[in-house]
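In: My questions are about this predicted structure, shown below with the sequence.
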Amino acid sequence: MSLFKARDWWSAALGEGEEFDQGCLCVGDVDNSGTGHDKIVVGSYMGMLRIFSPNANKLSDGGTADAQLLEVQLQNAIIQVEVGKFVSCSDLLHLAVLHPRKLSVYSVTGTSGNVEHGDQYQLKLMYEHNLQRTACNMTYGTFGGVTGHHSLCIQSMDGMLMFFEQDSYSFGRFLPGFLLPGPLAYNPRTDSFLTVSSARQLEGYKYETLAIATDAESRQDSDLLPKTGGKRLTPDWTFVLGEQALDISVPSFSHSSSSVMVLGERNLFCLRDNGQIRFMKKLEFNPSCFLPYISVKDGTTNMLLGNHNNMLLVYQDVTLKWAAQLPFVPVAVRVANLPELKGVVVSLSSDGHFLCSYMGTDPSFFSTPKVDAREADYEQIDAEMKKLQKFIREATRTQDILPKSDAVDDLSVKATVSSCLDTLSQALIQDIDGLPVPSVTVQVKVKTNSVLQSAKLSICVQPPLAVTQDQFVLEPMGVGSTKEVAFSAFLNGQYLPADLTGDIVVSYSSPTGVPRVLQSRFSLPLALVCLPSSPAKNTKFKVTVDTNQPPIDLSAIFREFSMKTEDKDGNSLAFQFLSGAKVTVLASKTSQRYRIQSDSFEDMWLVVKELVQRFDQHFSKLGIKDFKKSFSGPMPLQEYFLSVDNHFQLRVSAQQYQDLLSERAVQFRAIQRRLLTRFKDKTPAPLQNLDKLLDATYNQGWEESCDAAVSHLLRSCLSRSPKDQATSLAQAGGPVLGLPQDTTRLKKHIALLCDRIGKGGRLTLASEANVQIPAQIQNLAAPGGVEPIAEVSGDGEDLEHPQEITKFIKKKPSKKVKKEKEKKEVSREPSEADVKEEAGVPEETLKEVKREKKEPSKDKKESKKDSSKEPKEPKDDTKKKESSSSKEKKEKKEKEGKESGDKKVSRKSSLKVKEKKKDPEAGEG
């Protein structure tokens, strides 16, 4: 920041909401007064043309109104204004105004007034040219060495230079290799035009070269000129800038300092007329405009340079001579000779701030207040530092995406769930396995604190829960008004939901038009999905919850179920879910434990969650704050993995039937094509890979998604050290998720996850745990995918398993066992009765599928078996016993396979013959 400011001599604010650019300002004696004083012409993109003549006598009394000579509203936007001799047979100065599709030349005349209102100025149109192409900028000069008047050159947005000589159009030429228009200037010393192309190089074209080039009506015609025998336009010289140029200026006030000035985005270039560089100045700021002006020292050039730091800098060649502070960012700067003051700096901002200033030594009188010199209390500073570090630590841990606002919300939403079920159920399914399906009413109250024009209320619940109406459109509401809506929730499927909570989302627009979303949550009662029942004594799965408080009566916290139960002591309670499973809760009389047991492991989740929530509510009402609940037994991973395997088998079965359906669909489409060909109809339109997109979207299942997420946690948050986190985050581009062959890998990763969390692991990165972040993490972008954890050494990090987890994971069989399994798979197939029981598909359909897929799979397995065989001789009697036992098992399987059908017997016998033929060969080898 400069110590000195540009001293304000005269200023004005031009209109409201208008925009200005570097071509919207020019100075000159536009009214031909003959006094040598300049007038300031300003045009805006809104089409407003203004002419000013600031005077020291008009600064105090009249202000802007007296200094403004003329203000005219034109029909089109003003891109650029210039003052010159644009009318033939006249030595007077005229005003050229460039519009997007028009070039207009005006004369400005002033008439002396006979009354106190002063002189009157008028704007008269001399001639105009309607442009066939949209204009970008223009320049003027004595083209071709003609003296006495100025010609105009306009550059269009598509790269055409259009030349006008007074009121007539001369010719037009397309610039070669044009992409986007750049600044344009005319050098009268060499009679050439300068512009910066999209290749970021300065190009010079002589007027003679442009005039003799073959004319072209379009850009395509100019590209075809060498083929048709015309002369193609090429620049006379080029200079690579390496950056886009903001402006070009050719100073013509001194022949001794003949140079071309180019202002780039980061550099200032000074070149000779032939394109050779004189000097270059690297700028440490973003420039906005510049203007070379006459220097008192021969051989040098002075420049005014404005930047985006509200600074106006004065350079003499590459030396900074002065710096002054402006109240805005200038987009155009000029030097004018005004009455009673010469060399006034005229600057204009993009929003219409207009300033006439001069350089002066007017320092800022702000002085820094004195600081009391006192001794530092290091204990107090240390305490304050610890306090601030604590605030920073908490802020980084609980950092929100959006900052929290203390202001009152425009809208408040409150949901109330009825304490009793509906008398008349609103469920779509009235009963499931003979049990009635109830429903419960939820009332939503919406209250506004401001005017609300349009709002939409949506309800979301976990499937298979459903509601009678999930969307409501609220009518316009005033300040303090209230709107209530009601709906019923019920179970709409024969399985349990993952959660009994629902979300209410209200989308609306604030009074200022900003779209907002408000969310609220409600909890549905457990009685919506289950009924009271008699406790079950013998069950498969059990979970025990420990507490630190004496046991309580279960009927006291489950009042809606205790009224219908047979247990009067309150030590046991049973819940019969509508989907068929029963969950029993038992309270110990002597200890502080509660047991939840059922024949379905996954169905115990809702009861456990509800039990823990009601414990918290019960003890909080009693004022007990140190209530704790825990699970001390081993993690029930074995039971959890059984549910995972069951889910996986269902997916495998679904995939088999999907393949069968795909095969039948192919046959159906083939028949359709035959029919279309038979009836001479058009070929059906292709799917354009939309079927692949849908298949990839809907076939990604839970197993592969869960495995990828758990693998990412083990490699990032739960890794051994922050260094491992950096290594894992640096790996990008994971494989595409697909259906795995089995669930062994998934169960291994879940077991590792539970073990590391049980040993104190946290689901946070090292940075959130106040650990120094490695440099690798700070320089990383977001990973492109999740890389699975390596299973064996050599593929990556080998994960070690604790002893208590290995019992849940199946060990890999030896190579010999694998070979025996492969032989068994070749010799046997699943019975058709099992397949029919799982899917209910006719026997003939399954046989057809097996016929088509059996032979390739067998060949593949036998090839693998042959390649993996190695001649080995048994060394002890144990191997012989194993081989004899495997043969006995193989013979039993073959007997079972003979009973399944004649076709299979014939195929298996052929396979046996092949295997017998291969055995002697292996023995000889």
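Out: All right, it came through fine.

In: switch to C-alpha atoms for all contacts and neighbour counts from now on
Out: Fine.

In: is it fair to say residue 607 lies in a helix?
Out: Yes - the assignment for residue 607 by DSSP: H, G, I helix; E, B strand; the rest coil puts it in a helix.

In: Can you tell me how far it is from residue 574?
Out: 10 Å (Cα to Cα, to the nearest Å).

In: Can you pull the residues that touch both of those two?
Out: Counting by Cα atoms under 8 Å, 6 or more residues apart in numbering, the common neighbours of residue 607 and residue 574 are residue 583.

In: which of those two has more neighbours?
Out: residue 574 (25 against 18; other Cα atoms under 10 Å).

In: who touches the more buried one in this structure?
Out: Counting by Cα under 8 Å, 6+ apart, the residues that residue 574 touches are 532, 533, 534, 535, 536, 582, 583, 584, 585.

In: out of these, who's nearest residue 715?
Out: Nearest to residue 715 among the contacts of residue 574, counting by Cα to Cα, is residue 583 at 37.2 Å.

In: wait, what's in contact with that closest one?
Out: By Cα under 8 Å, 6+ apart, residue 583 lies in contact with 535-536, 574-577, 596-599, 603-604, 607.

In: out of those, which are inside helices?
Out: 604, 607 (DSSP state H).

In: In PyMOL, select just the buried ones from the contacts of residue 583.
Out: Applying 16 or more other Cα atoms under 10 Å to the contacts of residue 583, the buried members can be selected in PyMOL as follows:
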select buried, resi 535+536+574+575+576+577+596+597+598+599+603+604+607
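
In: Count the neighbours of residue 719 for me.
Out: Count around residue 719 with other Cα under 10 Å applied: 19.

In: ditto for residue 289
Out: Residues near residue 289, counting by other Cα under 10 Å, number 23.

In: Let me see the domain layout of the chain.
Out: The chain breaks down into these domains under the TED database: 5-215+238-360, 411-526, 529-633, 637-678.

In: and residue 760, which of these is closest to it?
Out: Closest among the domains of the chain, using Cα to Cα: domain 529-633, at 15.1 Å.

In: Just the mean pLDDT for that closest one, thanks.
Out: Domain 529-633 comes out with an average pLDDT of 84.

In: same question, stretch 149-167
Out: On average, stretch 149-167 scores 92.

In: Give me the distance between the two termini of it.
Out: Taking Cα to Cα, stretch 149-167 runs 12 Å from one end to the other.

In: Stretch 80-95 now?
Out: Terminal residues of stretch 80-95 are spaced 11 Å apart (Cα to Cα).

In: and what of stretch 194-212?
Out: Separation of the first and last residues of stretch 194-212 by Cα to Cα is 18 Å.

In: that older thread, mind listing which of the contacts of residue 583 are in strands?
Out: Among the contacts of residue 583, the residues falling in strands (DSSP state E) are 574, 575, 576, 577, 596, 597, 598.

In: closest to residue 19 among those?
Out: For the ones in strands among the contacts of residue 583, the closest approach to residue 19 (Cα to Cα) belongs to residue 577, at 70.1 Å.

In: Could you find the closest non-adjacent residue to the closest one?
Out: Nearest residue to residue 577 in three dimensions, chain neighbours excluded: residue 530, at 4.0 Å (Cα to Cα, 6 or more residues apart in numbering).

In: Next, the contact list for residue 197, please.
Out: Contacts for residue 197 (Cα under 8 Å, 6+ apart) come out as 177, 178, 179, 180, 181, 182, 203.

In: Apologies, that question was intended for residue 522.
Out: 415, 416, 417, 501, 502, 503, 504.

In: now the helices for the stretch 351-500 of the chain?
Out: Using DSSP state H, counting those that start in this stretch, the helices of the stretch 351-500 of the chain run over 378-397.

In: Can you pull out the low-pLDDT segments for it?
Out: Scanning the stretch 351-500 of the chain with the threshold set as pLDDT under 70 gives 361-374, 398-408.

In: If we use 50, what do you get?
Out: Filtered on pLDDT under 50, the stretch 351-500 of the chain yields the residue ranges 406-407.

In: So which residues of it form strands?
Out: Counting by DSSP state E, counting those that start in this stretch, one finds strands in the stretch 351-500 of the chain at the ranges 353-358, 411-417, 431-432, 435-436, 439-448, 455-461, 465-467, 471-474, 482-491.

In: now the ones you listed in TSV, with mean neighbour count and distance to residue 80?
Out: What follows is the strands of the stretch 351-500 of the chain, written out as TSV (neighbours: other Cα atoms under 10 Å; distance: least, Cα to Cα, whole Å):
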stretch	mean neighbour count	distance to residue 80
strand 353-358	20	17
strand 411-417	18	51
strand 431-432	14	80
strand 435-436	15	81
strand 439-448	20	52
strand 455-461	17	48
strand 465-467	21	65
strand 471-474	15	52
strand 482-491	18	58
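
In: okay, these in a markdown table with distance to residue 69 next?
Out: Below are the strands of the stretch 351-500 of the chain laid out as a markdown table (distance: least, Cα to Cα, whole Å):
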| stretch | distance to residue 69 |
| --- | --- |
| strand 353-358 | 15 |
| strand 411-417 | 55 |
| strand 431-432 | 89 |
| strand 435-436 | 90 |
| strand 439-448 | 55 |
| strand 455-461 | 54 |
| strand 465-467 | 73 |
| strand 471-474 | 57 |
| strand 482-491 | 60 |
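
In: Which residue lies closest in space to residue 195, excluding its sequence neighbours?
Out: Once flanking residues are discounted, residue 195 sits nearest to residue 184: 4.8 Å by Cα to Cα, 6+ apart.

In: Helices of the stretch 101-250 of the chain, start to end?
Out: Counting by DSSP H, counting those that start in this stretch, the helices of the stretch 101-250 of the chain are 207-212, 219-223, 225-228.

In: check which helix or strand covers residue 328.
Out: Using DSSP states H and E, residue 328 sits in no helix or strand.

In: Quick one, grab the pLDDT at it.
Out: The model's pLDDT for residue 328 equals 92.

In: Got the phi and psi for it?
Out: phi -160, psi 180 (degrees, to the nearest 10).

In: tally of neighbours for the residue nearest to it when sequence neighbours are not counted?
Out: In this structure, residue 328 finds its nearest non-sequential neighbour in residue 310, 5.3 Å apart by Cα to Cα, 6+ apart. By other Cα under 10 Å, the residues close to residue 310 number 18.

In: Which residues are in contact with residue 310?
Out: Contact partners of residue 310, counting by Cα under 8 Å, 6+ apart, are 325, 326, 327, 328, 329, 330.

In: residues near residue 651, how many?
Out: Residues within reach of residue 651, counting by other Cα under 10 Å, total 17.

In: Same question for residue 552.
Out: 17.

In: still on that earlier bit, got the domains of the chain as TSV, with distance to residue 381 columns?
Out: Below are the domains of the chain laid out as TSV (distance: least, Cα to Cα, whole Å):
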stretch	distance to residue 381
domain 5-215+238-360	37
domain 411-526	43
domain 529-633	36
domain 637-678	52
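
In: Please identify the most buried of these.
Out: The highest average neighbour count among these, using mean count of other Cα atoms under 10 Å, belongs to domain 5-215+238-360 at a mean of 18.

In: measure that domain end to end?
Out: End-to-end span of domain 5-215+238-360 (Cα to Cα): 8 Å.

In: Pull the contacting residues for the residue nearest to residue 155 when sequence neighbours are not counted.
Out: Closest residue in space to residue 155, ignoring its immediate chain neighbours: residue 161 at 4.7 Å, by Cα to Cα, 6+ apart. Neighbour list for residue 161: 153, 154, 155, 172, 173, 174, 175 [criterion: Cα under 8 Å, 6+ apart].
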